[in-house]
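A.B. asks: My questions concern the predicted model and sequence given below.
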Amino acid sequence: LEHCSASGKLTVDCQEYVYQEIGTYKEFSVSGLLGYVNGVAISDCVNRVDIDIKQLIAKSNTASITPAIGGIVGSLTYFTRTDKSKVLSPISNCVNYGNFTVANGSDNGETGYITLHLGGCVGVQFNLNWATLAELTNYGNITLNASYSSGTWNIAGVIGYCYTTTATKFYNYGDITYNS
């Protein structure tokens, strides 16, 4: 995927249950360009979509929610072909100008757990120890309004959570604000 761009505003009200159930937890991916990427190379893309996530609440004491939110990609991974070879998902030379606002609402007795992965360019990157993420730049501001603390907040200017990869030339010019 090359030379793509997006602009506008995206609002997600999590009380509408927009995540999918996977195993024992619930997850969803949100982005201005690509929510979930599996085995696709991305280069020279620009995001100008402002993302507003409302009412991010785990609904019961057994619930675990894992949202992945990024300007270019929410969740980035690879897939394994039937011949066991890996198809990589590298990203290079992409820029995010979109702003992020995430509010986890009031707890209202809800006791579930939230693991938020939020990055200006990529929310979460899993299992890409063969791929390179290079020349990613974020200008967008990130604001987390957390009214209860039952969770883990992995928030960064470029990649919220990064697991086993090679990463070079990352730049963040946006502000990151946490309001509790």
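C.D. replies: Good, I have the coordinates.
A.B. asks: Can you tell me who Thr115 pairs with across the strands?
C.D. replies: Thr152 (DSSP bridges).
A.B. asks: how many neighbours does it have?
C.D. replies: The burial count assigned to Thr115 is 18, neighbours taken as other C-beta atoms under 10 Å. Yep, even glycine has a C-beta here, placed from its N, CA and C like the rest.
A.B. asks: what do you get for the one 3 residues further on?
C.D. replies: Leu118: 28 surrounding residues under other C-beta under 10 Å.
A.B. asks: ok, now Thr11?
C.D. replies: Thr11 has 10 nearby residues by other C-beta under 10 Å.
A.B. asks: The helix or strand encompassing it - contacts with which helices or strands?
C.D. replies: Thr11 is part of strand 5-13, with elements assigned from DSSP states H and E. The contact analysis (3 or more C-beta pairs under 8 Å, 6 or more residues apart in numbering; DSSP states H and E) places strand 5-13 against strand 46-54.
A.B. asks: what about the strand it packs on, average pLDDT?
C.D. replies: For strand 46-54, mean pLDDT is 93.
A.B. asks: And the helices in this protein?
C.D. replies: When assigned using DSSP state H, the chain turns out to have no helices.
A.B. asks: which secondary element of it has the worst mean pLDDT?
C.D. replies: None of the helices or strands of the chain scores lower by mean pLDDT, DSSP states H and E than strand 20-22, at a mean of 44.
A.B. asks: Now for Tyr171, how many residues are close by?
C.D. replies: 14.
A.B. asks: Give me the neighbour count for the nearest residue to it once chain neighbours are set aside.
C.D. replies: Distances taken as C-beta to C-beta, 6 or more residues apart in numbering place Thr137 nearest to Tyr171, at 4.4 Å, with adjacent residues excluded. By the criterion of other C-beta under 10 Å, Thr137 has 21 neighbours.
A.B. asks: Beta-bridge partners for Thr137, please?
C.D. replies: Going by DSSP bridges, Thr137 forms beta bridges with Val95, Tyr171.
A.B. asks: Per-residue pLDDT of it, please?
C.D. replies: pLDDT, Thr137: 97.
A.B. asks: ditto for Phe126
C.D. replies: pLDDT, read off for Phe126, is 74.
A.B. asks: on that earlier part again, kindly format the C-alpha coordinates of the strand holding Thr11 as CSV.
C.D. replies: Below are the C-alpha coordinates for strand 5-13, written out as CSV (Å, rounded to 0.1, in the frame of the first residue of the first chain):
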residue,chain,number,x,y,z
SER,A,5,-3.9,9.7,2.6
ALA,A,6,-7.0,10.3,4.7
SER,A,7,-8.6,13.3,6.3
GLY,A,8,-11.6,14.0,8.5
LYS,A,9,-12.9,12.9,11.9
LEU,A,10,-13.6,9.5,13.3
THR,A,11,-15.7,9.1,16.5
VAL,A,12,-16.1,5.7,18.1
ASP,A,13,-18.5,5.3,21.0
